[in-house]
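In: Predicted model follows, preceded by the sequence.
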Amino acid sequence: MTASPYIGRFAPSPTGPLHFGSLVAALGSYLQARAHGGQWHVRMEDVDTPRCSPVMADDILRTLAAFGFEWTGAVMYQSQRLAAYRTALQQLQDAGWVYACGCSRLEIADSSVHGIDGLVYPGSCRDGLIQGHLPRAQRVRTDDLPLCFDDALQGRVCQRLASEVGDFVLNRADGLFAYQLAVVVDDAALGITEVVRGADLLASTPRQIYLQRLLGLPTPTYLHLPVALNADGQKLSKQTQARALNVDAALPLLCQAMAFLNQPVREDIATLAEFWRWATAVWSVAALPQARGDNAMLCT
Ligand code: GLU
């Protein structure tokens with residue numbers, strides 16, 4: 001009997017260039033896949049078309065290649081996956097899990113409490129649209145049972161979806177599919193066995209496991225890496241003007257990302273090929289820190 005293969009992925013949103021925080025997620029997911037002799041897929045999360053650009057997607061792929069990342073097969077683009085999302089939404093609608101919501105942002109803001117990830121939708125349209133409202137978004141019904149999973153680094157995480165998140169959106173008022181639905185459908189389509197990504201997405205994972213269960217899809221294991229912060233304690237992102245990765249400094253940046261993840265560091269490595277051989281051999285999940293408050297610039 002052969003063990004099932006390890007299949008990992010890196011799923012950047014092409015809303016801006018890769019920065020140090022993206023490099024940490026790419027490095028962690030890549031080394032974990034390589035250390036398992038597994039596959040590593042790249043998926044462009046360009047489902048939110050107005051915020052994404054094909055130019056940025058190409059820039060991201062060029063940057064990954066310049067850093068020596070090698071992915072399995074063709075890159076998956078969420079913008080080409082709408083039929084699969086439509087099928088999944090239909091499956092949930094047929095089973096009675098989805099309802100149309102006609103509330104405007106203002107109405108939701110007025111009547112909601114703050115939860116783990118923004119406003120908790122109060123369920124105003126659960127039993128039918130409020131009179132005079134047209135259907136806008138499609139939401140999934142949640143329950144309030146604790147939904148728990150064991151993260152390989154962050155430990156046990158539990159969430160009560162109904163009170164901490166609320167019935168969440170699967171199809172937005174502008175017709176676009178929501179990240180939560182797209183990620184679940186695509187992780188299953190790629191056969192992902194473990195999701196390694198930044199801990200900023202930890203609060204999304206119970207929603208994703210909930211959808212996997214409703215859709216009858218397998219749940220991968222999860223490992224949420226510490227998130228890189230800037231000097232003001234904010235997550236590095238396009239919004240916080242994180243600096244784009246300099247492809248001419250691939251080796252020192254990879255070395256910094258290793259240090260950030262509390263992995264061994266070597267400064268005498270001359271080539272990317274040598275770096276990847278060595279980094280795969282020394283990669284250790286046990287050494288990973290749960291959180292980092294600094295940028296760990298140890299090998300500049
Ligand atoms: N596209 C998301 C991001 O760039 C990552 C989603 C995921 O890894 O599940 O933050």
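Out: Cool, the structure landed.
In: Would you check the distance separating the worst-scoring helix or strand of the chain on mean pLDDT from the middle of the chain?
Out: Scoring the helices and strands of the chain by mean pLDDT, DSSP states H and E places helix 105-111 at the bottom, with a mean of 73. Between the centre of helix 105-111 and the centre of its chain there are 27 Å (CA atoms, centre = their mean, to the nearest Å).
In: need the residues of this structure near the ligand, please.
Out: 11-13, 45, 183, 197, 201 (CB under 6 Å from any ligand atom). From N, CA and C alone the C-beta is placed, and that goes for glycine too.
In: Can you select the buried ones from these in ChimeraX?
Out: Buried members of the residues of the chain next to the ligand, defined by 16 or more other CB atoms under 10 Å, are picked up in ChimeraX with:
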select :11,12,13,45,183,197,201
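In: picking that back up, for the least confident helix or strand of the chain, which helices and strands make contact with it?
Out: Helices and strands touching helix 105-111, by 3 or more CB pairs under 8 Å, 6 or more residues apart in numbering; DSSP states H and E: there are none.
In: strands paired with the helix or strand following that helix, and their directions?
Out: Downstream of helix 105-111, the next assigned helix or strand under DSSP states H and E is strand 113-115. Strand 113-115 sits in its sheet next to strand 118-120 (antiparallel), going by DSSP bridges.
In: Mind listing what's buried along the strand it pairs with?
Out: For strand 118-120, by 16+ other CB under 10 Å, it's 119-120.
In: And the contacts of that strand?
Out: 108-109, 112-114, 163-166 (CB atoms under 8 Å, 6 or more residues apart in numbering).
In: Looking at it now, give me its mean pLDDT.
Out: On average, the pLDDT along strand 118-120 is 84.
In: With just CA atoms, put the helix or strand following that strand into CSV.
Out: The helix or strand immediately downstream of strand 118-120 is strand 137-140, counting by DSSP H and E. Output in CSV follows, covering the C-alpha atoms of strand 137-140 (Å, rounded to 0.1, in the frame of the first residue of the first chain):
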residue,chain,number,x,y,z
ALA,A,137,-25.9,38.5,-1.9
GLN,A,138,-26.2,34.7,-1.3
ARG,A,139,-25.4,33.7,2.3
VAL,A,140,-24.9,30.3,3.8
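In: and for strand 137-140, what are the contacting residues?
Out: Around strand 137-140, the neighbours that count as contacts under CB under 8 Å, 6+ apart are 89, 92-93, 97-101, 121, 125, 167-173, 210-211, 214.
In: follow-up on the earlier one: which one of the residues of the chain next to the ligand is nearest to residue 282?
Out: Closest to residue 282 out of the residues of the chain next to the ligand is residue 197 (21.5 Å), distances taken as CB to CB.
In: Give me the three-state assignment for the nearest residue to the closest one once chain neighbours are set aside.
Out: In space, residue 197 comes closest to residue 25 once its chain neighbours are excluded; the distance is 5.4 Å by CB to CB, 6 or more residues apart in numbering. Three-state call for residue 25 (DSSP: H, G, I helix; E, B strand; the rest coil): helix.
In: What segments of the stretch 51-200 of the chain are strands?
Out: Taking DSSP state E, counting those that start in this stretch as the test, the strands found in the stretch 51-200 of the chain are 76-77, 98-101, 113-115, 118-120, 137-140, 146-151, 155-160, 169-171, 194-198.
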